[in-house]
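>>> everything below, folded, please.
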Amino acid sequence: MQAKAYTSDPISVEATPLTGDFTRADIEVHGLDHSGESFEGRVFLNNPDADESTELTLDNGYAGSFYIFGHGGCFGDVGHCEISGQQRAYDPRQSHPLLPQTKAVRATEALRRAAAQGEDIKVTVVPVLDPGIEQPDTEDIEDVLKFDHVSIINYKL
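Numbers count the residues shown, from 1 in each chain. Take a look at the predicted model:
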């Protein structure tokens, strides 16, 4: 079952760093909300029409997947799931379990191929819910994918 997908505006990337001799390239998704349902985030490059049935191949722009183990909503007392202010530097307690996450997808070959097509790269993230898990009857499922921004990072040795 697919929720609402995200497609970026074209991300302008300098062609030289991506067509050069880099050893690794990642796509990072920052500030992911994981308070809702669990899902697989399938990342495609230069394929804005990708959906849950798109074959996971480099020819289709598939770069890789990340996985969110969602909390399925909040069932605690009032305020239990509200993320409080910044944790102090030497506070020995664990951070709040609902702080946003960052996921990285190692996408070296997919980024090389996308860069060869031109300087603009369009990132599409398709959230796919597990069909074997009964999902709640809410429209919240459509908006399961919530995050702040996407970065492309390459490494050269």
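>>> from the contact counts, what lies against the longest helix along the chain?
The helix that spans the most residues within the chain, counting by DSSP state H, is helix 108-116. Applying 3 or more CB pairs under 8 Å, 6 or more residues apart in numbering; DSSP states H and E, one finds that helix 108-116 contacts helix 15-19, strand 24-32, strand 39-45, strand 62-68, strand 120-121. Where you see a C-beta, it was placed from the backbone N, CA and C, and this is true even at glycine.
>>> buried ones in the third one?
Buried residues in strand 39-45, counting neighbours by 16 or more other CB atoms under 10 Å, are found at 39, 41, 42, 43, 44, 45.
>>> and the contacts of it?
3, 27, 29, 50, 52, 54, 56, 60-68, 70, 103, 105, 107, 110-111, 113-114, 121-130, 144-145 (CB atoms under 8 Å, 6 or more residues apart in numbering).
>>> hmm, residue 62 is touching residue 54, no?
Yes: here residue 62 reaches residue 54: they are 7.4 Å apart, a contact under CB atoms under 8 Å.
>>> ok, back up a step: may I see the helices and strands packed on helix 108-116 organised as CSV, with mean pLDDT and distance to residue 99 added?
CSV is the format used below for the helices and strands packed on helix 108-116 (pLDDT from 0 to 100; distance: least, CB to CB, whole Å):
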stretch, mean pLDDT, distance to residue 99
helix 15-19, 55, 31
strand 24-32, 91, 10
strand 39-45, 93, 18
strand 62-68, 95, 13
strand 120-121, 83, 28
